[in-house]
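In: got a predicted model here, sequence first, then my questions.
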Amino acid sequence: MNRYLVAGIAAISTFVVVLVGFNLALGNKQIDESLAHRYAVADAQFQRAMSSVLTPSLVAGNQVETLINGEQIFPAMLAAIRAARESITLETYIYWSGTIGEEFAVALAERAQAGVRVHVLLDWIGTELDEAQLERMRTQGVEIRRYNMPRWDTLARLNNRTHRKLLVVDGRIGFTGGVGIADVWRGDAHGPGHYRDTHFRLEGPAVAQMQSAFIDNWLQATGAVLDSHLYLPELAPAGSSVAQVFTSSPGGGSESMQLMFLMSIASAAESIRLSASYFVPDDAAVAAFVAARRRGVHVQILLPGPHMDMQLVRRASRAHWEPLLEAGAEIYEYQPTMYHVKVMVVDETWASVGSSNFDSRSFSINDEANLNVYDEVFAARQVQVFEDDLRHAKRVTLRQWRARSAWDRTLDLAASILSSQL
């Protein structure tokens, strides 16, 4: 074989191996041990720590409304879009063609035609919109960009996706949670065809923090800064909730999401309720839950059941359950449909909601955004929703987990080896 051909093949092979290596790497995850219990959520130090270690700071004067399933979520989002007067910023991982995708496209285009500045940031991998539909939106004035589209200078970051779900209207009303724009989220989770999910409508000073999260990724995608009053107006208090919207991304604080969860778990004095659509805890997270149980904290974890869109993740999750179950943590699997909720409530006072899953991908590779709320009334509403969901779930006992077949154990172990990429 010609030596130049051999050299060319070797060079290409080396490039591919290096590229794959970069994309399989988990970034800068730095937290390998659980945190000590130094203060409780009820202590003033907890808010100080969350405002200092995580940025931006907690701010007062917010109102957060809980929206359950597509039946409530999509009408609220569309109503806000249709009432927009100055600007709309939308960032999402999933935007698929379908009936709800068309409704959003029509509403966004209509507002752009009316002179509203409409910016849409779609993940390159997660979006499956018909190209003709995208072009129709563009021709009507909607500015659309794809996040991390493959280019020679960005191939090493191809595995970095924006998983954020953010909608901000006029810089005054924000939405975040677990919902993508796709027909699987329509309806009221009455059957396997429609996901069970929760989204949140935000008003008050924390909306500026949510807008900042969008502006940051829009800047990365376009080089343009959206800093006028159309996007960042002066915001008056709208409610009584103390809240913050914070982000994580590789190379720019990728460990902050993991840190937030670990600090919250370490500060629990009474209870932890975690709803997680994808739950693959690392050793530090498992140790944090076990430590919480040892100091008497009631730990309940609600996960997807048989209607799981990624069965490999379900198996990878199961491989980590034994120490949790041994410590007395309660694990439940939701039965009616795919469970896509991402909410944690600690001591019925502190709640974190948003896009982040409880896994290494969200903690290290994805761009994520969560809304944290310090408010007993808001937390009580999340507890009520959690308990409603428990009525449709089955508890997994330690005996049941240990009774798995040898084949199931092997599959779970194999899946856990791949868990960092799930």
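Out: Here it is on my side, so go on.

In: so I173 sits against L202, correct?
Out: Yes: counting by Cβ atoms under 8 Å, I173 does reach L202; the two are 7.3 Å apart. Placement of C-beta: from N, CA and C, glycine included.

In: distance of A83 from I215?
Out: Taking Cβ to Cβ, to the nearest Å as the measure, A83 falls 22 Å from I215.

In: cool, T89 as well?
Out: Taken as Cβ to Cβ, the span from T89 to I215 is 8 Å.

In: show me which of these two is the more surrounded one.
Out: Just comparing T89 and I215: by other Cβ atoms under 10 Å the higher neighbour count belongs to T89, 26 against 20.

In: test my guess that the more buried one contacts Y231.
Out: Yes: using Cβ under 8 Å, T89 makes contact with Y231 at a distance of 6.9 Å.

In: what about H190, helix or strand, and which?
Out: For H190, there is no enclosing helix or strand under DSSP states H and E.

In: in what helix or strand does H119 lie?
Out: strand 117-123.

In: now that strand: average pLDDT?
Out: Mean pLDDT, computed over strand 117-123, is 97.

In: which strands or helices does that strand pack on?
Out: strand 87-92, helix 99-113, strand 143-147, helix 206-222 (3 or more Cβ pairs under 8 Å, 6 or more residues apart in numbering; DSSP states H and E).

In: again, 10 Å this time
Out: Secondary-structure packing of strand 117-123 (3 or more Cβ pairs under 10 Å, 6 or more residues apart in numbering; DSSP states H and E): strand 87-92, strand 95-96, helix 99-113, strand 127-128, helix 131-139, strand 143-147, strand 166-169, helix 206-222.

In: from the chain's centroid, how far away is it?
Out: Here strand 117-123 is found 18 Å from its chain centre; the criterion is Cα atoms, centre = their mean, to the nearest Å.

In: next, the buried residues of that strand.
Out: Neighbour counts over strand 117-123 (16 or more other Cβ atoms under 10 Å) mark 117-123 as buried.

In: need the overlap of contacts for I173 and L202.
Out: Residues touching both I173 and L202 (Cβ atoms under 10 Å, 6 or more residues apart in numbering) are 210, 238.

In: between those two, which has more neighbouring residues?
Out: A side-by-side neighbour count of I173 and L202, using other Cβ under 10 Å, places L202 first with 27 against 22.

In: what's the spacing between the nearest residue to V245 once chain neighbours are set aside and D216?
Out: In space, and not counting its chain neighbours, V245 is closest to Q209: 3.9 Å by Cβ to Cβ, 6 or more residues apart in numbering. Distance, Q209 to D216, by Cβ to Cβ: 11 Å.

In: which one's more surrounded, the two?
Out: The neighbour count for Q209 versus D216, taken as other Cβ under 10 Å, is higher for Q209 (23 against 17).

In: and that one, what does it touch?
Out: Contacts of Q209 (Cβ under 10 Å, 6+ apart): 55-59, 62, 174, 202, 243-247, 369, 371.

In: kindly report the same for M260.
Out: 50, 53-54, 244, 246, 248, 344, 352, 356, 363, 370, 372 are the contacts of M260 under Cβ under 10 Å, 6+ apart.

In: which residues touch H298?
Out: H298 neighbours (Cβ under 10 Å, 6+ apart): 268, 270-273, 292, 328-330.
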